[in-house]
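> return atomic coordinates for the entry below.
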Amino acid sequence: MAQLSKLFLDQQELSLLGRYSVRIDRTIVVEPFKPLTEDTCQRILNSQMLINRIGIQGAESMDSVEYEGPYSCKRVFGVLVFSRVS
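Residues are numbered from 1 along each chain as shown. You can find the predicted model right below:
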């Protein structure tokens with residue numbers, strides 16, 4: 001799994017240290033190093049029902065990788081899962 005330092009959800013920027021992976025079906029899984037607070041999780045889950053663009057800035061470089069959506073988000077055991085919506 002690659003490491004990330006920032007997560008961009010459309011126009012929202014989150015400073016988040018953790019690991020991420022992108023599955024073959026373009027599902028993005030983000031595993032934070034520190035557990036997210038309940039407020040942060042609710043803000044992510046409730047701010048937007050659909051996320052049109054997800055950007056990930058790696059911990060090693062300042063370059064970011066962008067994934068076009070739409071995506072939906074859910075939290076599973078402290079891990080954020082962004083699934084593509086057809």
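> now do the helices in this structure.
Taking DSSP state H as the test, the helices found in the chain are 38-47.
> please pull out the lowest mean pLDDT helix or strand from it.
Counting by mean pLDDT, DSSP states H and E, the chain has its least confident helix or strand at helix 38-47, which shows a mean of 74.
> restrict that one to CA atoms and write it as CSV.
Provided in CSV are the C-alpha atoms of helix 38-47 (Å, rounded to 0.1, in the frame of the first residue of the first chain):
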residue,chain,number,x,y,z
GLU,A,38,-16.3,10.7,14.8
ASP,A,39,-16.7,14.4,13.8
THR,A,40,-14.3,14.1,10.9
CYS,A,41,-15.9,10.9,9.7
GLN,A,42,-19.4,12.4,9.9
ARG,A,43,-18.2,15.5,8.0
ILE,A,44,-16.8,13.3,5.2
LEU,A,45,-19.8,11.1,5.0
ASN,A,46,-22.4,13.8,5.3
SER,A,47,-20.8,16.6,3.3
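> what helices and strands are in contact with that helix?
strand 12-22, strand 64-76 (3 or more C-beta pairs under 8 Å, 6 or more residues apart in numbering; DSSP states H and E). (C-beta placed from N, C-alpha, C; glycine too.)
> mind putting those into CSV with mean neighbour count, mean pLDDT and distance to residue 43?
Below are the helices and strands packed on helix 38-47 laid out as CSV (neighbours: other C-beta atoms under 10 Å; pLDDT from 0 to 100; distance: least, C-beta to C-beta, whole Å):
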stretch, mean neighbour count, mean pLDDT, distance to residue 43
strand 12-22, 15, 90, 9
strand 64-76, 14, 89, 11
